[in-house]
Structure formats: structure tokens, C-alpha cells
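A.B. asks: Give me a model of this one.
(one chain, ligands or ions: 1)
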Amino acid sequence: MKTILVTGSSGLIGSEVSGYFHARGYCVHGLDNNQRAVFFGPSGDTRWNQRRLESSLSDFHHNELDIRDRNRVLELVSTLRPAAIVHCAAQPSHDLSPAIPFDDFDTNAAGTLNLLEAARRFCPEAPFVYLSTNKVYGDAPNRIRLRELESRWDYDDSAYLDGIPETFPVDQSKHSLFGASKLAADVIVQEYGRYFGMPTCCLRGGCLTGPNHGGVELHGFLSYLVMCNLEGREYRVYGYKGKQVRDNLHAEDVARFIFEFCRSPRVAEVYNLGGGKANSCSILEAFALTAALTGKAQRHTYVDEPRAGDHICYYSDLRKIQNHYPNWRITKSLDETVEDIVQAWCDRLALGSSRRR
Ligand SMILES: NC(=O)c1ccc[n+]([C@@H]2O[C@H](COP(=O)([O-])OP(=O)(O)OC[C@H]3O[C@@H](n4cnc5c(N)ncnc54)[C@H](O)[C@@H]3O)[C@@H](O)[C@H]2O)c1
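C.D. replies: The predicted structure is shown next:
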């Protein structure tokens, strides 16, 4: 039986990948230390998701480990010699990073190096998939000419009709420290591919979301927005008239792609991975979509200052990923994704705690 190592297994993407590979016969070793609770406080706690995996997947094994602990990472990978590594553990927030620069860089950049070097030493043939981010492009997408529509911004430049491609420049723009630490990791993941011939892949995610997202104000906007709607809490909109656009992809479709990549890996690849234009929405549109499902109007306030380095309009050009992997396609529309999130929050809130499940 094949073994897969999934880092950040208690988080949104890691837990989805764990379940997806387990259902296809893999022995799954998850690695997580609930660092999300350290980053975001009790509302970021992911133990509920760890317990969910442990109780529902018979061949899931949790490893309580910090990816910054180089020796323990080397030891774990040398023992497991996994057939694939999917690296999802991260400090995932743009806005939190300036307050914790050492934790951010040590986790995102150095933690990734620890895993790559362990892979090179003990399982160099194993596909290594790294969850990167669209923040590697910094705020350069904001330089594209835009047009203002009734409820959203859109590109007003025919070069970007399909969205942002992988060839978009990554430097000479403002990234936030998070974008910079993720870009450092992205480049080094590519380098382990190009230099050592390892089957590595960087997935530059748009907004990745789903029912197991523990959205908090600083990370996971759609999940957090739905939770605010259901609880009647006020959602704060930062700048751009609430018309800023994100493309959203269900975590299950992320896992589906990663499975395809592991089946036919390539070397040193980079893909933009999001919902694309068809599954994009502005914050105002997300309010309307959620309200239509819950029957509750969204309470919100407007802060007339955008978050530093925030994208005004971003959606992924999916042509490269679809061309390389024609078997992969998006199976969950934005509407279905929001429905799943609403249902999951209703279940969790009904249990009396947003984190017990
Ligand atoms: N969710 C998104 O919208 C999105 C978008 C683009 C990219 N990404 C990337 O995808 C990856 C997964 O994101 P997510 O949304 O699942 O995040 P998440 O916060 O839900 O999950 C990350 C998990 O990693 C764990 N972790 C953090 N630091 C750790 C450490 N030092 N050692 C061990 N475990 C640690 C956390 O406890 C958490 O359970 C991240 O790399 C993120 O940057 C996510």
C-alpha cells in the first residue's frame, strides 16, 4: 500500500487531500501541530478537524510535529519514505505576517526547505506538491487597467480576458511578508525540481475554500463571511467599494488535481489554481449569494482603506493546468461551494461551538 505524507493535515486543504487519497487506497500520514490556533487564537483551532480525520479514516495517522523542527522532519520522512508529499502547512495570512515576521518566514520558507531536503534524501522520486499562493504576484495585478461594473471590478485589457497566467511577473511589487515568504518557498520548490530533477509542483492558489474551512477574519474570506451571516455578525469590508474580485475553488477540486498530478507527475511545474472567471465573485456578490441561501441579510461595515497589497481583481487563467491535465476539471461551481459552506457552518453552529464537530 502506498503512503502519502500530508503536512497541515488538520487545515482546510490538508484535511481534504487526506480524505481524498485515503478513499483511493492510500495510507495517510498527516502532520500538524495546531499552529493555526497559535496564529489566530481559539477560533483558528483545528483539533476538531484532526479528530474528524482520526475517527473517520481507518488508515490515517496523525504526527504531532512542527515543520520548523528540521531533525524531526528528516527523521519522519526517512522512516515513512512516502510515495508522495503534499505540503499544505503554512502561516496562511497576508495580514498577520507583518506582526510575526520570524514565525512567518521560518514556517513558510524554512519549513518548506526542511521538507524538500528530507524528500531529496529519502524519497526523491516522490511527487512533491506545494500549496503556493497568488500572492507571489504581489500587487502587480493591480496595475492592469480595470473597469468598474455595478457590483465588481474587471480587467479592461484583452491580454487578461482569461485571468492571470503563470508568466505574470513575480517581482518588483508589494507582496506583504506572507507573499514574500511563500514566493521564497515557491522558487526553492521549483529549484529542487530543476536542479535535482525531482517531480515538484507549485500550486498558486486563488481563494481555496470548502466546508472544512475554519475561516477567520484574517484568512478564509468566504467561510468567514458565511459564518458572520449565519451568526448575524458584522463583516468588515476593506476598501475598493466591496467590489474586489476573487476566484474561488472548492478544496475537493484542489485534492482532485493533486491526485492527477501524483498519477502523472512532471518536473518543476507551476500552475495557477483557482475557480477561474466562472467561479469568481466580489465581496458584494458574495453577500448576495450567501443571503439568497440563508435568507439573512449580511450585516457589514465599510472601512475606506484597502488591506496593504490586496488585489483589486484577481482570477486565475486555468488554460495551462487544463492543457497539461485534461482529465482534471472544476466539478463544484461557486454556488455549490457556498451551499456546502453554509451547510457545514449550520452543522457546526448547531453543535454549540464553531469548532466542535
Ligand atoms: N485557503 C486559501 O484560500 C489558500 C489560497 C492560496 C494558497 N493557500 C495555501 O494552501 C495551504 C493550505 O492552506 P489552508 O487554507 O488549508 O490553511 P489552514 O490554515 O487551514 O491549514 C494549514 C495547517 O497547517 C498547520 N501548520 C501551520 N504551521 C505549522 C507548522 N509550523 N508545523 C506543522 N503544522 C503547521 C496549521 O495548524 C493548519 O492546520 C497554505 O500553504 C496556504 O498558503 C491557501
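
A.B. asks: What residues sit buried inside the lengthiest helix in the chain?
C.D. replies: The longest helix of the chain (DSSP state H) is helix 176-196. For helix 176-196, the neighbour count (16 or more other CB atoms under 10 Å) marks 176-186, 188-190, 192-193 as buried. All C-beta atoms are positioned from the backbone trio N, CA, C, and that covers glycine.

A.B. asks: Between helix 176-196 and the helix or strand following that helix, find me the angle.
C.D. replies: For helix 176-196, the following helix or strand on the C-terminal side (DSSP states H and E) is strand 200-205. Orientation of strand 200-205 against helix 176-196 (axes from the mean of the first three to the mean of the last three CA atoms, to 10 degrees) gives an angle of 150 degrees.

A.B. asks: Partner strands of the next helix or strand after strand 200-205 and their direction?
C.D. replies: Downstream of strand 200-205, the first helix or strand assigned by DSSP H and E is strand 207-209. Sheet pairing of strand 207-209 (DSSP bridges) gives strand 245-250 (parallel).

A.B. asks: which secondary structure element contains Ala344?
C.D. replies: Using DSSP H and E, Ala344 falls in helix 334-350.

A.B. asks: So is that helix next to the ligand?
C.D. replies: No. On the criterion CB under 6 Å from any ligand atom, helix 334-350 is out of touch with the ligand, staying 11.8 Å away.

A.B. asks: what are the bridge partners for the closest residue to the ligand within the stretch 201-350 of the chain, then?
C.D. replies: Minimum separation of the stretch 201-350 of the chain from the ligand (CB to the nearest ligand atom) falls at Gly205, amounting to 2.9 Å. Bridge pairing for Gly205 (DSSP bridges) gives the partners Thr133, Leu273.

A.B. asks: residues from this protein in reach of the ligand?
C.D. replies: Looking at the ligand, the residues of the chain close enough under CB under 6 Å from any ligand atom are 8, 10-14, 31-36, 46, 66-68, 88-90, 92, 107, 111, 131, 133, 205, 207-208, 220.

A.B. asks: For Ile13, which non-adjacent residue is closest in space?
C.D. replies: Cys88 (4.5 Å; CB to CB, 6 or more residues apart in numbering).

A.B. asks: pretty sure that neighbour contacts Leu5?
C.D. replies: No. Using CB atoms under 8 Å as the test, Cys88 is too far from Leu5 to be in contact (10.7 Å).

A.B. asks: okay, the closest residue to Glu231 other than its chain neighbours: pLDDT?
C.D. replies: Sequence neighbours aside, Leu349 is the residue nearest to Glu231 in space, at 7.0 Å (criterion: CB to CB, 6+ apart). Looking at Leu349, its pLDDT reads 85.

A.B. asks: Report how many residues lie close to Leu349.
C.D. replies: Neighbour count of Leu349, defined by other CB atoms under 10 Å: 13.

A.B. asks: shift numbering so it begins at 54
C.D. replies: Renumbered: residue one is now 54, and that last one reads Leu402.

A.B. asks: wait, what's in contact with it?
C.D. replies: Counting by CB atoms under 8 Å, 6 or more residues apart in numbering, Leu402 touches 280, 283-284.

A.B. asks: Now find how far off-centre the helix holding Ala397 is within its chain.
C.D. replies: Distance of helix 387-403 from the chain centroid (CA atoms, centre = their mean, to the nearest Å) equals 18 Å.

A.B. asks: got the CA positions of that helix in CSV?
C.D. replies: Output of helix 387-403 as CSV, limited to C-alpha atoms (Å, rounded to 0.1, in the frame of the first residue of the first chain):
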residue,chain,number,x,y,z
LEU,A,387,-19.3,28.7,-6.8
ASP,A,388,-23.0,28.3,-5.9
GLU,A,389,-22.4,24.6,-4.8
THR,A,390,-19.3,25.6,-2.9
VAL,A,391,-21.2,28.3,-0.9
GLU,A,392,-24.0,25.9,-0.3
ASP,A,393,-21.5,23.4,1.2
ILE,A,394,-20.0,26.0,3.4
VAL,A,395,-23.4,27.2,4.6
GLN,A,396,-24.4,23.6,5.4
ALA,A,397,-21.2,22.9,7.3
TRP,A,398,-21.4,26.1,9.4
CYS,A,399,-25.1,25.3,10.2
ASP,A,400,-24.0,21.9,11.4
ARG,A,401,-21.1,23.2,13.4
LEU,A,402,-23.0,26.1,15.0
ALA,A,403,-25.9,23.7,15.9
